[in-house]
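>>> Give me a model of this one.
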Amino acid sequence: MAVKPKTLTQAKALYSTNSELAWWVFMRVSGLILIFLVAGHIWMGNIQINVADVDYAYVASRLSKGWVKVYDTFLLFFAMLHGVNGLRYSIEDYFKQANRRFWAKIILFTIAGILFVMGTMTLWAFDFSEMGDAVRSLDGGSH
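Numbering: from 1, shown residues only. Model prediction:
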């Protein structure tokens, strides 16, 4: 079994295709980006405000801002690609038969594609400000 590369020079020597090298680099870069995106998400949603104040109306008002939608789209994009690529590596390691490996990847990519499209549609297709107003009116305007 080959040793997993830890440096770019080792990765260039090990991987026979440019696509595998690109994915190797992507995993390192996306992991770093995800650290900052997740830290920012936690800061905005759990530290900057009182967590007890987070309800649907707060989330709806937050998601009605365009920059939050862009931020959450980047978070979704990098998290999905990073996770799916990690699972692809696991499929390569544990599925020894080529046909099982092929179908496992097809299932993985199909589910990931559906989840990514649904997540993006949820962020961009709904008018969260109207939903927040509707929830506040149902709640009796106590917020």
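>>> From here on, just use CA atoms for contacts and neighbour counts.
Will do.
>>> Just checking, which helix or strand of this structure averages the lowest pLDDT?
Across the helices and strands of the chain, mean pLDDT, DSSP states H and E gives its lowest value to helix 128-138, namely a mean of 68.
>>> Not counting residues beside it along the chain, what's closest to Glu92?
Using Cα to Cα, 6 or more residues apart in numbering and skipping residues adjacent in sequence, the residue nearest Glu92 is Arg101, 6.8 Å away.
>>> Give me the distance between the one you found and Phe126.
Relative to Phe126, Arg101 is positioned 37 Å away (criterion: Cα to Cα, to the nearest Å).
>>> Which one of the two is surrounded by more residues?
Using other Cα atoms under 10 Å, the more surrounded residue of Arg101 and Phe126 is Arg101, with 17 against 13.
>>> That one contacts Ile91, correct?
Yes: Arg101 sits in contact with Ile91 when judged by Cα atoms under 8 Å, with a separation of 6.3 Å.
>>> Please enumerate the shared neighbours of those two.
Between them, Arg101 and Ile91 have no joint contacts when contacts are counted by Cα atoms under 8 Å, 6 or more residues apart in numbering.
>>> how about the helices in this structure?
In order along the chain, the chain carries the following helices (DSSP state H): 8-14, 18-42, 56-63, 66-94, 98-125, 128-138.
>>> burial of Ala60, as a residue count?
Close neighbours of Ala60, defined as other Cα under 10 Å, add up to 19.
>>> distance of it from Asn85?
On the measure of Cα to Cα, Ala60 and Asn85 end up 31 Å apart.
>>> Need the nearest residue in space to Phe77, chain neighbours excluded.
Distance criterion Cα to Cα, 6+ apart; nearest residue to Phe77, sequence neighbours excluded, is Phe116 at 7.4 Å.
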